[in-house]
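[1] just need the structure, nothing else, for what follows:
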Amino acid sequence: MNLFADIRALVVAELGAMAAEGALPPGLELTNVAVEPPRDPAHGDMATNAAMVLAKPAGKPPRAIAEALAARLARDPRISAAEVAGPGFLNLRLSNMVWHGVVKAALIEGANFGRSTAGAGRRVNVEFVSANPTGPMHVGHVRGAVVGDALSNLLAFAGWQVTREYYINDGGAQVDVLARSAYERYREANGLEPEIREGLYPGDYLIPVGEALKAKYGQSLLNQPESVWLADLRDFASAMMMQMIRDDLAALGVRMDVYSSEKALYGTGKIEAAIATLRDQGLIYEGVLEPPKGKTPEDWEPRQQTLFRSTAHGDDVDRPVKKSDGSWTYFAPDIAYHFDKVQRGFDELIDIFGADHGGYVKRMKAAVSALSGGRVPLDIKLIQLVKLFKNGEPFKMSKRAGTFVTLRDVVEQAGADVTRFMMLTRKNDVALDFDFAKVLEQSKDNPVFYVQYANARINSILRKAQAAGMDVSDTALARADLSQLSHPAEIDMAQQIAEWPREVEIAAKGNEPHRIAFFLYEIASEFHGLWNKGNDDPALRFLQEGNAATSAAKIALVRATGVVISAGLSILGVTPVEEMR
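    Predicted coordinates:
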């Protein structure tokens, strides 16, 4: 049930009736007719812009349309008042039975309440994390992992077919550096002093790799030239790192559907095929780029390169795909990889990148637009940095220095559920401060605690009701006489529940999982407020001694709130807490 969609359908139906009667021209475009909460709750429960958006095409004053529409809507039993405001906005007040119906729907639909068909079964590929396989993931990767996984959950809940994908960056020079670093740990495992020279990865996480290499090769690789062992150690070490990464993701509650390898694109003709597809469209040419901004002629050397005419698909400048020495640029395999996604039949693509990849957004969108003939949209979400604090002091990370804070460190200290929720308390393109003291604090200022506390309170109420002899099953509560819910605070709670399906659709269509975390805090605040009012007003207490019918209605409202909170936490990948300790 989506109450906002239901009322919009009513508005559209009445507009159609007005057109049939000649009060409006036939065939008006109604796509932009919206039904939303009013900016000021004092104005009503919902508002529609119908008269404003139809005035010009209908050739009528907006207020005249609004007044005629208001008269028709007021006849519907769901509408208690329809009031024209300003130049033609229409504010609607709904009868209490509508809000009672929302509570009942939440109980009947249970975990499916708010589930949407907005995605219409479209196939979407969500690529996220994609960290280099050169070591364990650090806290900077945590946020991208959580955003990608929560977004995948959200899209699946809203009707998309979702594939979670990890792109293994194992085709670049960094994997050779990993192999050389692992070789030094192999030497160490054989009793020699490792030479961790400048440019190698010094982290202790490579010590087990060295020991595993010793177990496999013994001393056979000692004193051998790099040409003998580099390729084997590159594959061996990157495989061990990927297993570590998989384990780290699992600790965070993230599981990928597909792992794709950059290395697998080389030597298979896939890069060549992607570039040939662009060439066939006249988008590949030999040329010389203009100097980058800020460069002077003295320090700029023009070079003939193979270029992708990405400006034909919205980019600022054309991009090189092959260097003057004939080798591929980093961009070329990325083009091939996205071409592979297009060929796999996805209807939409989403990439979640670190903020340092901002320069890749336009070129990547241009490539996908060209390779799909404009059919497949690509949305790229940039993840800003996580600033980690401990004991009031900032924690600095450096993979090369081997002093970085790992994903596993964060999860072990804060817990997966707390970590996931807190990573979604800011929009992805805003920097996030993660303070260990604050994320574990039990106060209203800690969003995850506040939401979990609401869920625990709900479960406590249900246990007390059951102990008092009430049947608190959803089926029984859905049969309660919900007309007993009449206090404004109870109606406000029901209205908050009604917002859930709408919020799901908005968040899914915008690829914004943080909106779910925000909503959960709001509904938790509403519930805690209702609880506190019951301390002052006995009529608002959930269990009314000697009045089973009223108690059942109030417990139904409580349970419906729990349905929404549990569904929201599930989308975030957070386990609901049933009891606070």
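[2] ok, how many other residues are close to Leu73?
    Neighbour count of Leu73, defined by other Cβ atoms under 10 Å: 21. To be clear about C-beta, it is placed using only N, CA and C from the backbone, and glycine gets the same treatment.
[3] which SS state does the closest residue to it other than its chain neighbours fall under?
    Setting aside the residues directly before and after it, Leu73 is nearest to Ala82 in space (Cβ to Cβ, 6 or more residues apart in numbering), at 4.5 Å. The three-state label given to Ala82 by DSSP: H, G, I helix; E, B strand; the rest coil is strand.
[4] give me the pLDDT for Ala82.
    In this prediction, Ala82 carries a pLDDT score of 95.
[5] same question, Lys293
    71.
[6] so it: helix, strand or coil?
    Per three-state DSSP, Lys293 ends up coil.
[7] can you check Asn32 too?
    coil.
[8] hmm, it is touching Val53, no?
    Yes: contact criterion Cβ atoms under 8 Å: Asn32 and Val53 qualify, at 4.7 Å.
[9] compare these two (neighbour count), which wins?
    Taking neighbours as other Cβ under 10 Å, Asn32 and Val53 compare with Val53 leading, 20 against 10.
[10] center of this protein, which residue is that?
    Leu151 (2.7 Å; Cα atoms, centre = their mean).
[11] tell me the confidence at that one?
    98.
[12] which residues touch it?
    Residues counted as contacts of Leu151 (Cβ atoms under 8 Å, 6 or more residues apart in numbering) are Val126, Phe128, Ile350, Ile352, Lys381, Asn511, Pro513.
[13] and His141, what element?
    In this structure, His141 is located in helix 139-157 according to DSSP states H and E.
[14] for Asp248, give its distance to Val386.
    According to Cβ to Cβ, to the nearest Å, Asp248 and Val386 sit 15 Å apart.
[15] leaving out the residues flanking it, which one is nearest to Pro38?
    Ala47 (4.1 Å).
[16] the one you found looks like it's in a strand, true?
    Yes: according to three-state DSSP, Ala47 belongs to a strand.
[17] what's the burial count for it?
    Ala47: 20 neighbours (other Cβ under 10 Å).
[18] quick check: beta-bridge partners of it?
    Beta bridges link Ala47 to Glu36, Asn91 when assigned by DSSP bridges.
[19] ok, it to Val35 distance?
    7 Å.
[20] same check on Asn125?
    From Asn125 over to Val35 (counting by Cβ to Cβ), the distance is 32 Å.
[21] the more surrounded of these two?
    Neighbour count, other Cβ under 10 Å: between Asn125 and Val35, Asn125 has more, with 25 against 22.
[22] and that one, that's in a strand?
    Yes: counting by three-state DSSP, Asn125 is located in a strand.
[23] let's verify the residue of the chain most remote from its centre: helix, strand, or coil?
    Here the chain reaches farthest from its C-alpha mean at Asn223, the gap being 49.6 Å by Cα atoms, centre = their mean. Here Asn223 is coil, with the state taken from three-state DSSP.
[24] distance of it relative to Trp229?
    11 Å.
[25] Val504 now?
    53 Å.
[26] of those two, which one has the most company?
    Val504 (26 against 21).
[27] quick one: secondary structure of that one?
    Relying on three-state DSSP, one would call Val504 helix.
[28] so it makes contact with Leu154?
    Yes: if you go by Cβ under 8 Å, Val504 and Leu154 touch, sitting 7.3 Å apart.
[29] wait, what's in contact with Pro394?
    Residues near Pro394 by Cβ under 8 Å, 6+ apart: Lys387, Leu388.
[30] any idea of the pLDDT on it?
    81.
[31] any idea how far Ala437 is from it?
    Taking Cβ to Cβ, one finds Pro394 at 13 Å from Ala437.
[32] ok, Gly253 next?
    With Cβ to Cβ as the criterion, Gly253 and Ala437 are 23 Å apart.
[33] partners of the lowest-mean-pLDDT helix or strand in the chain, with directions?
    Confidence across the helices and strands of the chain bottoms out at strand 393-394, with a mean of 80, counting by mean pLDDT, DSSP states H and E. Paired strands of strand 393-394, with direction, are strand 386-390 (antiparallel) (DSSP bridges).
[34] so which bits of the partner strand are buried?
    For strand 386-390, burial by neighbour count (16 or more other Cβ atoms under 10 Å) applies to Val386, Leu388.
[35] again, but for stretch 370-387
    For stretch 370-387, the neighbour count (16+ other Cβ under 10 Å) marks 370-372, 376, 378-386 as buried.
[36] and if you look at stretch 89-98?
    Under 16+ other Cβ under 10 Å, the buried positions of stretch 89-98 are Phe89, Leu90, Asn91, Leu92, Leu94, Val98.
[37] what residues does it touch?
    With Cβ under 8 Å, 6+ apart, stretch 89-98 has contacts from 3, 7, 35, 38, 43-52, 66, 69-70, 73, 77-85, 483, 485-486, 491.
[38] and stretch 426-433, by the same measure?
    143, 147, 352, 355, 381-387, 389, 422-423, 425, 512, 514.
[39] among those, which ones are in helices?
    Arg143, Val147, Met422, His514 (DSSP state H).
[40] adding distance to Val162, pLDDT and neighbour count, write those out as JSON lines.
    Conversion of the ones in helices among the contacts of stretch 426-433 to JSON lines gives the following (distance: Cβ to Cβ, whole Å; pLDDT from 0 to 100; neighbours: other Cβ atoms under 10 Å):
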{"residue": "Arg143", "distance to Val162": "19", "pLDDT": "95", "neighbour count": "25"}
{"residue": "Val147", "distance to Val162": "14", "pLDDT": "97", "neighbour count": "25"}
{"residue": "Met422", "distance to Val162": "23", "pLDDT": "95", "neighbour count": "26"}
{"residue": "His514", "distance to Val162": "18", "pLDDT": "98", "neighbour count": "20"}
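[41] now for those residues, which pair is the farthest apart?
    Val147 and Met422 (12.0 Å; Cβ to Cβ).
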